[in-house]
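Peer 1: Attaching a predicted model along with its sequence, questions to come.
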2 protein chains.
Amino acid sequence: MTVKYSRQRQVIYDFLMSRKDHPTADVVYRNVRQEHPNISLGTVYRNLTLLADRGAIQRLQVGDGVDHFDADVSQHCHFVCSGCGSVTDLQLDCLKDMLADARRKFSGRIERQSTCFYGLCGNCLGKSVDISEENA
Amino acid sequence: MTVKYSRQRQVIYDFLMSRKDHPTADVVYRNVRQEHPNISLGTVYRNLTLLADRGAIQRLQVGDGVDHFDADVSQHCHFVCSGCGSVTDLQLDCLKDMLADARRKFSGRIERQSTCFYGLCGNCLGKSVDISEENA
DNA sequence: TGTAAAATAGTAATGATTCCTATTTTACTC
DNA sequence: GAGTAAAATAGGAATCATTACTATTTTACA
C-alpha cells in the first residue's frame, strides 16, 4: 500500500512538530480542528498510527491510560508529573550504556527501549498539595 | 478506610506470587475462578488496584494496552516480546545509576522509574517469522 | 479528463477498566 | 455466641480511548 499525500496528515504532523510536549490524539484533534473544522477523530488516530508505524513519530505509553505522540524520534527518556500530568523530555547520557548492558545480558534481540520517570515537576513541587485524602 | 481480610484478595495475591510472568487482570480472573467459581472480574480489578496502591504488588504498563501485575515490587526492568507478547524480568545493575543520573539532571522530584525493552525473545528468534505483510 | 488506489468523515463497534447497588462478610463488642 | 457498623462482594451497567466500517472524496498518474 503506497502512501498518498493528504492535507490532513500534513497538518497533524506539522502540529506535532511544533510542540515540545507530547500531546494525546484528542489534543491533536482539538487543535488541528481549528484550521481544519471537518477533520474527524478517526483520521487523527489513523494518521498518528501510520506516522508511528513508519517511524516518523513516536508513540509513548507513559501509564496514564492514553497514548501520547512525540515528533522527536531520537532515543530519550521521559518524565511524567503526577501532579499536572505533563510529559517532558529527559536526556540521559547513560541511556546507551543501559541498552548495551541489556543486550549483553539478554538472550533474545532487543530492538528498542522505553524509560519513564515519575514524580513531581518543579512547578508542582512549589505548589501546596491537598493531601487530605491521602491517608484515607 | 481500614482494609479487612477477604478470601478473594488472598487468593488473588497468592496466585500472583506463584507466577514469574506478569499476568493481566483477565488472566488472574480466569485462573482464580478455577478454585473460586463465583469471583467477579470487578473484584479482581478492585483488589489488584488496592494491592498496587498499598505497594504490595506493582502495576506494569508495557504498552500493549493491557495492565500487567507483578508481585515482585523491587526495582527491575522488563522485556516485552513483540512475537509472543510475554513480559519477563531483566535485572540491570546500571538501573540505580540511571536513577541517580536523572535526579542530578532534573529539577523536580523523581520518585520512581519504569524501563521496558522491546524486541524478540530467544524463543521467538528461533522460529521463522511471516514477514509477508511487513513491507506493505 | 479518466481511473484506480488511497484517504476521508461520520458513525458504530470493541474492549479494558471503573462504577453502581443490593447483599454478604468481616471484625469487634457485649 | 448474637448484634452491628464498616468493608467487601457479585453481577451488571457505564465509561472512554481506540479501532473498524462504509459511502464519498482526493490523490497520482496515464
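Peer 2: Arrived safely, thanks for sending. Residues are numbered from 1 along each chain as shown, chains lettered A, B, ... in the order given.
Peer 1: domains of chain A?
Peer 2: Domains of chain A are assigned by automatic domain parsing as A:1-73, A:74-122.
Peer 1: Residue A:126 - how many residues pack around it?
Peer 2: For residue A:126, the neighbour count with other CB atoms under 10 Å in any protein chain shown is 9. For glycine as for every other residue, the C-beta is placed from the backbone atoms N, C-alpha and C.
Peer 1: Relative to DNA strand D, how far out is it?
Peer 2: If you measure residue A:126 against DNA strand D using CB to the nearest atom of the strand, to the nearest Å, the figure is 28 Å.
Peer 1: Over to residue A:76?
Peer 2: Going from residue A:76 to DNA strand D by CB to the nearest atom of the strand gives 21 Å.
Peer 1: so what does the strand or helix carrying residue A:99 touch, helix or strand wise?
Peer 2: Under the criterion of DSSP states H and E, residue A:99 resides in helix A:95-105. In this structure, helix A:95-105 packs against strand A:109-120, helix B:95-105, strand B:109-120, with contacts taken as 3 or more CB pairs under 8 Å, 6 or more residues apart in numbering or on different chains; DSSP states H and E.
Peer 1: how about a cut-off of 7 Å?
Peer 2: strand A:109-120 (3 or more CB pairs under 7 Å, 6 or more residues apart in numbering or on different chains; DSSP states H and E).
Peer 1: Paired strands for the strand it packs on, with orientation please.
Peer 2: Neighbouring strands of strand A:109-120 in its sheet, by DSSP bridges, are strand A:77-81 (parallel), strand B:109-120 (antiparallel).
Peer 1: Dump the longest one to PDB, keeping only the CA atoms.
Peer 2: The one in question is strand B:109-120. Taking C-alpha atoms only, strand B:109-120 is exported to PDB below (Å, rounded to 0.1, in the frame of the first residue of the first chain):
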ATOM      1  CA  ARG B 109      11.300  15.200  42.400                       C
ATOM      2  CA  ILE B 110      11.700  11.800  40.800                       C
ATOM      3  CA  GLU B 111      10.000   9.100  42.800                       C
ATOM      4  CA  ARG B 112      10.200   6.000  40.600                       C
ATOM      5  CA  GLN B 113      11.200   4.800  37.200                       C
ATOM      6  CA  SER B 114      10.000   2.300  34.700                       C
ATOM      7  CA  THR B 115      12.200   0.800  32.000                       C
ATOM      8  CA  CYS B 116      10.900  -1.600  29.300                       C
ATOM      9  CA  PHE B 117      12.900  -3.200  26.500                       C
ATOM     10  CA  TYR B 118      11.200  -4.400  23.300                       C
ATOM     11  CA  GLY B 119      12.300  -7.000  20.700                       C
ATOM     12  CA  LEU B 120      12.100 -10.700  20.200                       C
END
